[in-house]
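In: Predicted coordinates and the sequence they were generated for:
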Amino acid sequence: MGLPRNKQTDALFSSVLKLENVEECYRYFEDLCTIQEIRDLGQRLEIAKSLDAGDTYQSAIEKTGVSTATIGRVKRCLNYGAGGYRLVLDRMKAEEKRS
């Protein structure tokens, strides 16, 4: 099925691409999202990193405090999703190697 493409979503993603650094991201996302929404997104990324590193569900729960349902959703997306997690995780790993 995938994320529906439309002008509003295109504009949202284009606006994110205009940000130049982490500080700008903090400013924009504080205006755009609730604190809880940002925390949830951060937790999902942390879960994806944890699962990609070979951690178990239990280990991911201990690290993040989220439910098994959330971990299951992230794992499904990591393995069978649109490839977004894989793209970002691979780029993050490459950046860590360069540092």
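Out: It's in.
In: How far does the helix or strand hosting residue 37 sit from its chain's centre?
Out: Using DSSP states H and E, residue 37 sits within helix 35-52. In this view, helix 35-52 has its centroid 6 Å away from the chain centroid, taken as CA atoms, centre = their mean, to the nearest Å.
In: Show residues contacting the next helix or strand after that helix.
Out: Downstream of helix 35-52, the next assigned helix or strand under DSSP H and E is helix 57-64. For helix 57-64, the external contacting residues (CB atoms under 8 Å, 6 or more residues apart in numbering) are 43, 46, 47, 50, 51, 55, 66, 67, 68, 71, 72, 75. To be clear about C-beta, it is placed using only N, CA and C from the backbone, and glycine gets the same treatment.
In: Write a PyMOL command that selects only the buried members of these.
Out: Selection of buried members from the contacts of helix 57-64 for PyMOL, criterion 16 or more other CB atoms under 10 Å:
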select buried, resi 43+47+50+51+55+66+71+75
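In: Can I get the contacts of helix 57-64 in JSON lines including distance to residue 88 and pLDDT?
Out: Formatted as JSON lines, those follow (distance: CB to CB, whole Å; pLDDT from 0 to 100):
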{"residue": "43", "distance to residue 88": "15", "pLDDT": "94"}
{"residue": "46", "distance to residue 88": "12", "pLDDT": "95"}
{"residue": "47", "distance to residue 88": "13", "pLDDT": "95"}
{"residue": "50", "distance to residue 88": "14", "pLDDT": "94"}
{"residue": "51", "distance to residue 88": "13", "pLDDT": "95"}
{"residue": "55", "distance to residue 88": "17", "pLDDT": "92"}
{"residue": "66", "distance to residue 88": "18", "pLDDT": "90"}
{"residue": "67", "distance to residue 88": "22", "pLDDT": "91"}
{"residue": "68", "distance to residue 88": "23", "pLDDT": "92"}
{"residue": "71", "distance to residue 88": "18", "pLDDT": "94"}
{"residue": "72", "distance to residue 88": "20", "pLDDT": "94"}
{"residue": "75", "distance to residue 88": "15", "pLDDT": "94"}
